[in-house]
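> for reference, the sequence and a predicted model appear below.
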Amino acid sequence: MTDGIAYDKLTKDQLSGVSCIHCGRVPVNLKVVENSTDTTLVACSEEDRMMCERKVFWLDSPCPPWCDGLHADNDHPDDRGHYSSWQGRVPLINEKAETYGDLSKGPFQPEYVALHIRQMVREHRAMIWCGLGETAKGWHLTPAEARTLAKVLMEAANLTSIAPKMAPSIKAA
Ligand SMILES: [Zn+2]
Ligand SMILES: [Zn+2]
């Protein structure tokens, strides 16, 4: 037994020398921490210490404040990004309803504009996704573009609420 190791907290794989006693991953480069007749314990090597100390090995910096923090070691490389728990949804009454379950009978859901924030881990800036419901149709907007779009939409909406001018009256001859 080696001092300082909480043996009662180790998993079966850690106790059998398969996974690192600190992070629980199978070490890429390992060091033997204890090697006795009945126990072999291993850990990640010193060179891999930075990765060993991370909760999620591919995440080398903290999550932005808006991220839902749902990351795991085995996330696909294409999915390794920060995603907001915030989601904006705007139902659309002029679009076809989406069908769920039995395709001929529904249940139906109104189509909607879907918005969320995302930033893949190797990207410098967050982007705002603005798309059609659950489809991949839409745009990744920078925050500046999103603000511009919001402004232009307001302009368009405001134009529709200008009262019509009075029709010119026909003067009696
Ligand atoms: Zn480790
Ligand atoms: Zn995150």
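Now that the structure is in, tell me what you want to look at. Ligands and ions are numbered 1, 2, ... in the order given.
> who in this protein is up against ligand 2?
63, 67, 82 (C-beta under 5 Å from the ion). Any C-beta I mention is one placed from the backbone N, CA and C, and that applies to glycine too.
> so which of these wins on neighbours?
residue 82 (23 neighbours; other C-beta atoms under 10 Å).
> just to revisit the earlier point, just to be sure, which of the residues of the chain next to ligand 2 are found in helices?
Counting by DSSP state H, no part of these is found in helices.
> keep only those that also lie close to ligand 1.
By C-beta under 5 Å from the ion, no member of the residues of the chain next to ligand 2 lies near ligand 1.
> output the residues you listed as CSV; include the columns pLDDT.
Shown next, in CSV, are those (pLDDT from 0 to 100):
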residue, pLDDT
63, 96
67, 97
82, 98
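> ok, the residues you listed vs residue 23, which is closest?
The shortest approach to residue 23 among those belongs to residue 63, at 18.6 Å (C-beta to C-beta).
> ok, that closest one touching residue 70?
No - contact status for residue 63 versus residue 70: not in contact, 9.7 Å apart, counting by C-beta atoms under 8 Å.
> follow-up on the earlier one: in strands only, show me the residues of the chain next to ligand 2.
Counting by DSSP state E, the part of those found in strands is residue 82.
> may I see the residues of the chain next to ligand 2 organised as CSV, with distance to residue 96 added?
Output for those, formatted as CSV (distance: C-beta to C-beta, whole Å):
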residue, distance to residue 96
63, 37
67, 33
82, 32
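> interface residues of this protein facing ligand 1?
Contact residues (C-beta under 5 Å from the ion) of the chain with ligand 1: 20, 22-23, 44, 52.
> and this structure, what are its domain boundaries?
Annotated domains of the chain cover 7-53, 77-160 [automatic domain parsing].
> list the buried residues in the biggest helix by length in the chain.
When the chain is parsed with DSSP H, its longest helix is helix 143-160. Residues of helix 143-160 classed as buried: residue 146 (neighbour count, 16 or more other C-beta atoms under 10 Å).
> how about residue 46, what does it touch?
residue 31 (C-beta atoms under 8 Å, 6 or more residues apart in numbering).
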